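Participant: Here is a sequence together with a model predicted from it:
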Amino acid sequence: MTEYATRTHAPQAIDHAVPAAPDHALEATDPRANVLKFLSMLRRDRAPILSAYATPLDFCLAVIDPDHAEAKAVAARAQLDGLDADMRDYAVSSAYALLIGDDRRKALSAYFTPPVLATATLDAIRPFLEAGRAPTILDPACGGGSFLVPTARRLIDAHVAAGLDITQACAQATGQLQGIEVDPGLAALSGNLLGRMIRREYGIQQDTSGIVRCANTLATSLDHGFDLIIGNPPYSKLFRSGLDQLTEAAGRADLGGHTNLYALFVIKALDWLKPGGGLAFVLPTSFVAGPYFAGLRHEIRKRARVVELAMHQQREDLFIDATQDVCLLVLQRHGPGVADDYHYRLGWIDAAGQRTALGTASAPADGEPWHLPVALAGTATAHHHQLIAVNAASTLETYGYRIRVGKVVPTRERALLHAEHAEGRVPVLWASDIRVNGSFRFQSGTRTGKFAWYAPINPESAAYVCRGRAVLVQRTSNRDQRRRLNAAPVTKSFATQHKRDGYVAENHVIVLEPLSTTPMVSQEVLARLLNSEVVNARFSAVSGSFSVSARLLARLALPDPSTLPELGDQFDAALATAFAPIDGVLVASETKGPSKDKA
């Protein structure tokens, strides 16, 4: 069996994120806490469990078999008492992921969808489930059965409600389902969890052994299409070499070293859908607006219309042992009778799985960014949110600044970095020099002292050396921070002190360098503007990853410089008036022609 060739796995893995904890630290009424307690016990007893059982699969099958009397399986089963059926399955699947070891788990990107998110996904695609009498459904990455099992339950209940007896309903539902999973143990576990659910809840001994195919989805050919494809594909980047067979059908979504497995899963799934069929995937938010993913957005829109994009509230407590911003993407394959008006629903999914409608946005077909619902969190609305401005708007270039990313990459240039100043060395500005209050202080961080000075090669001709008063922006952030954008102006005293030799920025800093000594907007006003609530809310609508895109920052639609308020206590409040004429978040791209983002 061919496995996926991957590197740099996402979600971002957290080492030992389930520490052993005393019983009183976990509330019995909190299902997730009970799952963490269960996994904590398994982490502690992993070695003896693997000594007692030939494989992690054998242990997991013993846990779900009520007649299996081995002590470790009985103890594990007892930990799951009180959980509902889907949470028990989630715990068992997570146990398998823990027992196979960190390296194998990361290679598989085995971080499973929690039941509340799976339920919200199925609620979002109810029209596709109910569109036909017996829609055919595929989960192409069905490790753990997170979608397979609850989908089967809904199908069985629908068939019973339509008049089938329970035996016919179970046979009909399982005949509609198919899964693909690259890991043999997870493939077997998914089929067993499905069969156990049918036995426990419906009293039917249904053969589910052939429902989940053990195969590499990206290298698999199917001889028929599906009405609905659901899942949570792996989030791992691909090695460039030896993957032509996986990326040949990706079109513009093939980004070489930046291509991610989930992008290829989306394209593969869309090609397997019948005309008019639906797709619902849980995906990282980075593809929604990031410039690197313009090709993926283009390929999606070439094949389908966007139905819904819903952001999940959590990033740290959603997946066990991993941190990831995710959204639910619902698509409909182009076909006869499928209208394509570019509009899609914006939504918000809270920690309990409740969905809130946040209006609509537009998905242009040319790879332009789509609108994220992050900045709108929790406020129900039917408003249409326009992303590309039609009315005239200013940009950072209009204000008199050019944008560049800090040049210094410490891991590559360690020999040029020094702790002490000497002739020919210039200061290195780090992201930690941008303070939370919007001020700048050289060497504000405690861990950058050894790399405070940089010895540029040919400093006189080095274009990356800055000799003026720049505004610095942290290049990495996340939506758990108070602000998405964190900016600070270099102080006059620092710029004057280093006017002759200049300074450089580390790679996690974006430098906004004035094009003249008198830009239209001062450094202090620009930093205050970028740190404002209104600008951060607008930028969050196009910032789906932890990285702040310099290219999107350059396109941020800003007020006319003459309308910006004076600095002072009322600055942020007065910005509402300045932004009133701005009808979009970004200015149109100069390279893509007219936008199709119309209200």
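Facilitator: The structure has been received and is ready for your questions.
Participant: Kindly check the end-to-end length of stretch 351-366 for me.
Facilitator: 34 Å (CA to CA, to the nearest Å).
Participant: Return the set of buried residues in it.
Facilitator: Neighbour-count burial for stretch 351-366, counted by 16 or more other CB atoms under 10 Å, picks out 353, 355-356, 358-364. For every residue, glycine as well, the C-beta is placed using N, CA and C.
Participant: neighbouring contacts of stretch 195-204?
Facilitator: Under the contact criterion CB atoms under 8 Å, 6 or more residues apart in numbering, stretch 195-204 has outside partners 64, 85, 89, 149, 152-153, 156, 166-167, 169-170, 174, 205-209.
Participant: where's that stretch relative to the chain centroid, distance-wise?
Facilitator: 34 Å (CA atoms, centre = their mean, to the nearest Å).
Participant: Output it as CSV, restricted to C-alpha atoms.
Facilitator: Taking Å, rounded to 0.1, in the frame of the first residue of the first chain, the C-alpha atoms of stretch 195-204 are listed here in CSV:
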residue,chain,number,x,y,z
GLY,A,195,-21.1,-2.4,12.9
ARG,A,196,-21.2,-2.0,16.7
MET,A,197,-23.4,1.1,16.5
ILE,A,198,-25.9,-0.9,14.4
ARG,A,199,-25.9,-3.8,16.8
ARG,A,200,-26.2,-1.6,19.9
GLU,A,201,-28.8,0.8,18.7
TYR,A,202,-30.9,-1.2,16.2
GLY,A,203,-30.3,-4.8,17.3
ILE,A,204,-29.2,-5.8,13.8
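Participant: Going by neighbour count, list what's buried in that stretch.
Facilitator: 195-198, 202, 204.
Participant: Closest one of those residues to residue 38?
Facilitator: Ranked by distance to residue 38 (CB to CB), those are led by residue 196 at 17.2 Å.
Participant: How far off centre is the one helix or strand that closest one maps to?
Facilitator: Using DSSP states H and E, residue 196 sits in helix 184-202. Helix 184-202 sits 28 Å away from the centroid of its parent chain (CA atoms, centre = their mean).
Participant: Show me the strands paired with the next helix or strand after it, marking each as parallel or antiparallel.
Facilitator: As assigned by DSSP H and E, the chain's next helix or strand after helix 184-202 is strand 212-214. Paired neighbours of strand 212-214 in the sheet (DSSP bridges): strand 177-181 (parallel).
Participant: hmm, who's touching the partner strand?
Facilitator: 136-143, 145, 148, 151-152, 155, 187, 190-191, 194, 211-215, 217, 220, 226.
Participant: ok and it relative to helix 184-202, angle-wise?
Facilitator: 150 degrees (axes from the mean of the first three to the mean of the last three CA atoms, to 10 degrees).
Participant: Distance from the chain centre to strand 177-181, please.
Facilitator: With CA atoms, centre = their mean, you get 23 Å for strand 177-181.
Participant: circling back to that earlier point, quick one: mean pLDDT over the helix holding residue 196.
Facilitator: Per-residue pLDDT over helix 184-202 has a mean of 96.
Participant: go on, stretch 115-132?
Facilitator: 91.
Participant: residues making contact with that stretch?
Facilitator: Contacts for stretch 115-132 (CB under 8 Å, 6+ apart): 84, 86-87, 89-90, 113, 135, 146-147, 150-151, 154-155, 158, 227-228, 230, 277-278, 280, 282, 308, 310, 312, 318, 328, 330, 347, 349, 351-355.
Participant: Which positions are bridged to the residue nearest to residue 428 when sequence neighbours are not counted in the beta structure?
Facilitator: Spatially, and ignoring its direct neighbours in sequence, residue 428 is nearest to residue 454 (4.8 Å; CB to CB, 6 or more residues apart in numbering). In this entry, residue 454 is beta-bridged to residue 417, residue 426, by DSSP bridges.
Participant: how much space between residue 454 and residue 462?
Facilitator: Using CB to CB, to the nearest Å, residue 454 is found at 10 Å from residue 462.
Participant: With neighbour numbers in mind, choose between these two.
Facilitator: More neighbours surround residue 454 than the other of residue 454 and residue 462, with 25 against 13 (other CB atoms under 10 Å).
Participant: contacting residues for that one?
Facilitator: Contacts of residue 454 by CB under 8 Å, 6+ apart are 408, 413, 416-418, 425-428, 504.
Participant: Same check on residue 335?
Facilitator: By CB under 8 Å, 6+ apart, the residues touching residue 335 are 274-277.
Participant: try 7 Å this time
Facilitator: 275-276 (CB atoms under 7 Å, 6 or more residues apart in numbering).
Participant: pLDDT wise, what is it at?
Facilitator: So, for residue 335, pLDDT stands at 93.
Participant: So it: helix, strand or coil?
Facilitator: coil (DSSP: H, G, I helix; E, B strand; the rest coil).
Participant: Could you tell me how far residue 519 is located from residue 402?
Facilitator: Using CB to CB, residue 519 is found at 10 Å from residue 402.
Participant: Quick check on these two: which one has the bigger neighbour count.
Facilitator: When neighbours are counted by other CB under 10 Å, residue 519 and residue 402 differ, and residue 519 comes out ahead with 22 against 13.
Participant: Leaving out chain neighbours, which residue sits closest to that one?
Facilitator: Nearest residue to residue 519, sequence neighbours excluded (CB to CB, 6+ apart): residue 400, at 3.1 Å.
Participant: pretty sure that neighbour is touching residue 520, no?
Facilitator: Yes. If you go by CB atoms under 7 Å, residue 400 and residue 520 touch, sitting 4.8 Å apart.
Participant: average pLDDT across stretch 469-489?
Facilitator: Averaging pLDDT along stretch 469-489 yields 85.
Participant: Offset the numbering so it begins at 57, please.
Facilitator: Renumbered: residue one is now 57, and that last one reads stretch 525-545.
Participant: How far does that stretch sit from its chain's centre?
Facilitator: Taking mean C-alpha positions (CA atoms, centre = their mean), stretch 525-545 and its chain are 20 Å apart.
Participant: Once you drop chain neighbours, what's closest to the spatially most central residue of the chain?
Facilitator: The centroid of the chain falls nearest to residue 340 when counting by CA atoms, centre = their mean (1.9 Å). Using CB to CB, 6+ apart and skipping the chain neighbours, the partner closest in space to residue 340 is residue 291 (5.5 Å).
Participant: and that neighbour, how many neighbours?
Facilitator: 26.
Participant: wait, it sits on residue 318?
Facilitator: Yes. If you go by CB under 7 Å, residue 291 and residue 318 touch, sitting 5.3 Å apart.
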